[in-house]
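Enquirer: Could you look at this predicted model? Sequence included:
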Amino acid sequence: DQQVKQNSPSLSVQEGRISILNCDYTNSMFDYFLWYKKYPAEGPTFLISISSIKDKNEDGRFTVFLNKSAKHLSLHIVPSQPGDSAVYFCAASEGTYKYIFGTGTRLKVLA
Amino acid sequence: EAQVTQNPRYLITVTGKKLTVTCSQNMNHEYMSWYRQDPGLGLRQIYYSMNVEVTDKGDVPEGYKVSRKEKRNFPLILESPSPNQTSLYFCASSLNSGGPGETQYFGPGTRLLVL
């Protein structure tokens, strides 16, 4: 059973607009969430994270929102740029050394 | 340059022929981990290591072995590879214990095909 789900396999957005990537989870014990970005033929790179004691974390153009009651988090990219085109993975941890990743969402930013 | 390296980057092998994928990091990180990426399944953790001689199973450890004899190296061993282990493998490391939210640095990946 997939504990971390990214239900949208792909997303296309116009350059300059907002990109919203979603992630749902089932395990209420998860206490830390991360987003990674992956370009083709490269390993994932860390983007932004959020602890379960917060509901928002911002880093430049990237903001992650956490809704614990809905077991939902989202990544907002504003404004979107062509270089943001990549696969985005959300990941969750429950205070251990194990990480559960979602299946990924492929973002395409159109120039 | 701080990095995680994996070798080989590409490998084609046959069922049952033992193989090892090496992983090395030059950042003096304590935590290292192996993942596999498969279409529709995302990244799944195979094994992780909190420090030298300390390893534990991730979500999909069956068919794999690991060892951590030195801090910088964390090889992934497939004693008897099978076609269902055809996948893209990533090694990752993080500075301390790999605890909640700690940033992991990933290697470039090893694409394995088992015939």
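Expert: Done, it's in.
Enquirer: is chain A contacted by stretch B:42-51?
Expert: Yes - using CB under 8 Å from any CB of the partner chain, stretch B:42-51 reaches chain A at B:42, B:43, B:44, B:45, B:48, B:50. Placement of C-beta: from N, CA and C, glycine included.
Enquirer: Which positions in that stretch come out as buried?
Expert: B:42, B:43, B:44, B:45, B:46, B:47, B:48, B:49, B:50 (16 or more other CB atoms under 10 Å in any protein chain shown).
Enquirer: ok, the closest residue to chain B within chain A - contacts?
Expert: Among the residues of chain A, residue A:43 lies nearest to chain B; the distance is 3.1 Å by CB to the nearest CB. Each residue near residue A:43 by CB atoms under 8 Å, 6 or more residues apart in numbering or on different chains is listed here: B:4, B:90, B:92, B:106, B:107, B:108, B:109.
Enquirer: just checking: which of those also lie near chain A?
Expert: By CB under 8 Å from any CB, the members of the contacts of residue A:43 lying near chain A are B:4, B:90, B:92, B:106, B:107, B:108, B:109.
Enquirer: out of the residues of stretch B:42-51 next to chain A, which are inside strands?
Expert: Within the residues of stretch B:42-51 next to chain A, membership in strands is found for B:42, B:43, B:44, B:45, B:48, B:50, as judged by DSSP state E.
Enquirer: neighbours of residue B:107, just the number please.
Expert: By the other CB atoms under 10 Å in any protein chain shown criterion, the neighbourhood of residue B:107 contains 27 residues.
Enquirer: For residue B:93, see how far away it is.
Expert: From residue B:107 over to residue B:93 the distance is 8 Å, taken as CB to CB, to the nearest Å.
Enquirer: do the same with residue A:7
Expert: The value you get for residue A:7 to residue B:93, if CB to CB is used, is 30 Å.
Enquirer: hang on, the earlier thing: in CSV, list the ones in strands among the residues of stretch B:42-51 next to chain A along with pLDDT.
Expert: Shown next, in CSV, are those (pLDDT from 0 to 100):
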residue, pLDDT
B:42, 88
B:43, 93
B:44, 94
B:45, 93
B:48, 93
B:50, 90
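Enquirer: got JSON lines for the residues you listed, with distance to residue A:72 too?
Expert: Listed next are these as JSON lines, based on distance: CB to CB, whole Å:
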{"residue": "B:42", "distance to residue A:72": "17"}
{"residue": "B:43", "distance to residue A:72": "20"}
{"residue": "B:44", "distance to residue A:72": "22"}
{"residue": "B:45", "distance to residue A:72": "22"}
{"residue": "B:48", "distance to residue A:72": "27"}
{"residue": "B:50", "distance to residue A:72": "30"}
